[in-house]
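Novice: Here is a sequence together with a model predicted from it:
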Amino acid sequence: VIICIVALIEIIPDSKKLGRTSDHFADRKTLIFRHLGFLVDGFCLLQHFIHTLARFILPQTVLELSFVDNFVIPRLSVCAGVDANIRFAHIADFPFDGSGRKVNDSIVTTTPGVAYIARVDDFDCGIMISASHNPYYDNGIKLIDCYGEKMPEEILLLVEDYIDGKLHVFDKDWPELPFAHREHIGCTVDYVAGRNRYMGYLISLGIYSFKGVKVGLDCANGSSSATAESLFTRLGAEVHMLSASPDGTNINKNCGSTHMENLMEYVKTHECDLGLAFDGDADRCLAVDENGKLVDGDKIIAICAHALQQEGKLKKNTAVVTVMTNLGFFHFAKANQIATKATKVGDRYVLEEMLSGGYNIGGEQSGHIIFLDEATTGDGELSGIKLLEILKKSGKKMSELAGLMECFPQVLYNVTIQPRKKGLWQDDADIAAVIEKHTAILGDNGRILVRESGTEPLIRVMVEGKNAGQIEAAAQEITEQVKIFAAS
């Protein structure tokens, strides 16, 4: 294990790739060991989670007190959380102690909750096992560093290669990780107090009582089922719960932020002031106004950025969004003299831009919204609190707040492409010509975005603008040209 760590140190010469800044530690080796120590743990957990979950075996690697170049690697502490998935019902009984370290198990909690506890309770890392916004059988693991932030992608790829047996170190392959034995075996500690501490933190952020506000909460039968009702009730709201009865298999099933229909109907028929919908691990939040109309992530960012600007708290007068953010947001920002920074799709890239630029609000249309003054990850419950505060302070209805921004119609088509042709379409003259043609037609009232999917063999064609007929015609012609290239 030590040889592998040393090899990774040689592979990663720039310590800044391992964390937010190198200033958090006295020297480069401390930073590297701090991160790699739990990365090897976390991805071993991921590997065994995929292959042996049915046997309830989640062993991890051992990093006992060892000396490399006269440097001591300490035993590490991990904060772990899960959503309401049936596959994780007995996670407290999983033998994390095979890793040789102390794991504090927060039971059912949210991803931002794990990030908060990892950051403030001085854990070396946090691990969240969750289906996120997916069905219960599409599970994943989120690794969070000691600052409460997601790990850099380049480091995750290196560790994945190592666990898959692809990393060749010192003329030898290292396909397996060792287990802890005898006196080196670690332990698992029930850490419900951590979840309670996080909830207390969110409550402490509330400036106004929400008394008199009637809110519907769709918890996606996920993590927030264990926290949201208590949280918003203690803040004074009249709470109506939807999809908050997890049975282990119904997480995100026709509910939550990916299925807004039930909440939209409920809010309208039960005369709620607004509705909030979270995803399975509650790092996303979408809203519904009193008329049952959707208020997506772009509009929530617009509402919150405008409120921060009015209070003189919008750092550098800038909001961070992505290239897929609705064009209406950019028109809103320009009209209100708010600068924008657009990143690649993914909350990881939004956070990176916020950290590097010193901005305090950013997010995605999907409802991943980061309030960096209070949190280091997207936090659905925090987003909900922010919205209710603005609603209460302004005295306006949710529909009036959402009216700050006009959403332009969007058309999205996907074209399957062979892996060998990825990237080549950008040099195709016919595709470029048809994009240029429709860009000129749309002018300032529309835009075209053609990009490759980061996770699937697809080219995505997105066109948006004020004129629905124009954007549909543009999207269809561009898509047809991409299909001709894909078939050639």
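Specialist: Arrived safely, thanks for sending.
Novice: Quick check: Tyr208 touching Lys393?
Specialist: Yes - using C-beta atoms under 8 Å, Tyr208 is in contact with Lys393, at 6.3 Å. Heads up, the C-betas are built off the backbone N, CA and C, glycines and all.
Novice: Can you give me the distance of Val192 to Ser225?
Specialist: 15 Å (C-beta to C-beta, to the nearest Å).
Novice: between the two, which one's more packed in?
Specialist: Between Val192 and Ser225, Ser225 has the larger neighbour count (other C-beta atoms under 10 Å), namely 23 against 13.
Novice: Am I right that the more buried one is in a strand?
Specialist: No - under DSSP: H, G, I helix; E, B strand; the rest coil, Ser225 sits outside any strand and is assigned helix.
Novice: Find me the pLDDT at the closest residue to Glu153 other than its chain neighbours, would you?
Specialist: Leaving aside its chain neighbours, Glu153 sits nearest to Arg348 (6.7 Å; criterion: C-beta to C-beta, 6 or more residues apart in numbering). Listed pLDDT for Arg348 reads 88.
Novice: Tell me which other helices or strands the strand or helix carrying Arg348 touches.
Specialist: Per DSSP states H and E, Arg348 falls inside helix 347-357. Judged by 3 or more C-beta pairs under 8 Å, 6 or more residues apart in numbering; DSSP states H and E, the packing partners of helix 347-357 are strand 318-322, strand 339-343, strand 361-363, strand 369-371.
Novice: Run the angle between the next helix or strand after the first one and strand 339-343 for me.
Specialist: Once strand 318-322 ends, the next helix or strand along the chain (criterion: DSSP H and E) is helix 327-335. For helix 327-335 against strand 339-343, the angle between stretch directions is 150 degrees (axes from the mean of the first three to the mean of the last three C-alpha atoms, to 10 degrees).
Novice: Just the buried positions in helix 327-335, please.
Specialist: Buried residues in helix 327-335, counted by 16 or more other C-beta atoms under 10 Å: Leu327, Gly328, Phe329, Phe330, His331, Phe332, Ala333.
Novice: nearest to Ile251, of those residues?
Specialist: Within the buried residues of helix 327-335, the smallest distance to Ile251 is 29.8 Å, found for Phe329 (C-beta to C-beta).
Novice: Skipping its backbone neighbours, what lies nearest that closest one in space?
Specialist: That would be Asp298: by C-beta to C-beta, 6+ apart, it lies 4.7 Å from Phe329.
Novice: where's that neighbour, which helix or strand?
Specialist: Here Asp298 is assigned to helix 297-310, by DSSP H and E.
Novice: Can you give me the end-to-end span of stretch 409-426?
Specialist: 25 Å (C-alpha to C-alpha, to the nearest Å).
Novice: Give me the contacts around that stretch.
Specialist: Applying C-beta atoms under 8 Å, 6 or more residues apart in numbering, the contact partners of stretch 409-426 are 326, 431, 452-453, 457-466, 468, 471-472, 474-476, 479, 482-483, 485-486.
Novice: Give me the buried subset of the residues you listed.
Specialist: For the contacts of stretch 409-426, buried by 16+ other C-beta under 10 Å: 326, 431, 458-466, 471, 474-475, 479, 482-483, 485-486.
Novice: Just to be sure, which of these are found in helices?
Specialist: Ile431, Ile471, Ala474, Ala475, Thr479, Val482, Lys483, Phe485, Ala486 (DSSP state H).
Novice: Please tell me how far the last one sits from Ala433.
Specialist: When distance is defined by C-beta to C-beta, Ala486 is 17 Å away from Ala433.
Novice: Glu381 belongs to a helix, doesn't it?
Specialist: Yes - the assignment for Glu381 is a helix, going by three-state DSSP.
Novice: For Asn262, find the nearest of the helices and strands packed on helix 347-357.
Specialist: Comparing the helices and strands packed on helix 347-357 by C-beta to C-beta, strand 369-371 comes nearest, at 21.9 Å.
Novice: In terms of secondary structure, what does that closest one contact?
Specialist: helix 297-310, helix 347-357, strand 361-363, helix 380-394.
Novice: Distance to Gly446 added to the ones you listed, as CSV?
Specialist: Formatted as CSV, those follow (distance: least, C-beta to C-beta, whole Å):
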stretch, distance to Gly446
helix 297-310, 16
helix 347-357, 24
strand 361-363, 23
helix 380-394, 29
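Novice: which of these sits most buried?
Specialist: Burial of those is given as mean neighbour count (mean count of other C-beta atoms under 10 Å); strand 361-363 ranks first at a mean of 28.
Novice: Touching that strand from outside, list them.
Specialist: 297, 300-301, 304-305, 308, 314, 319-321, 341, 347, 350-351, 353-354, 369-372, 378.
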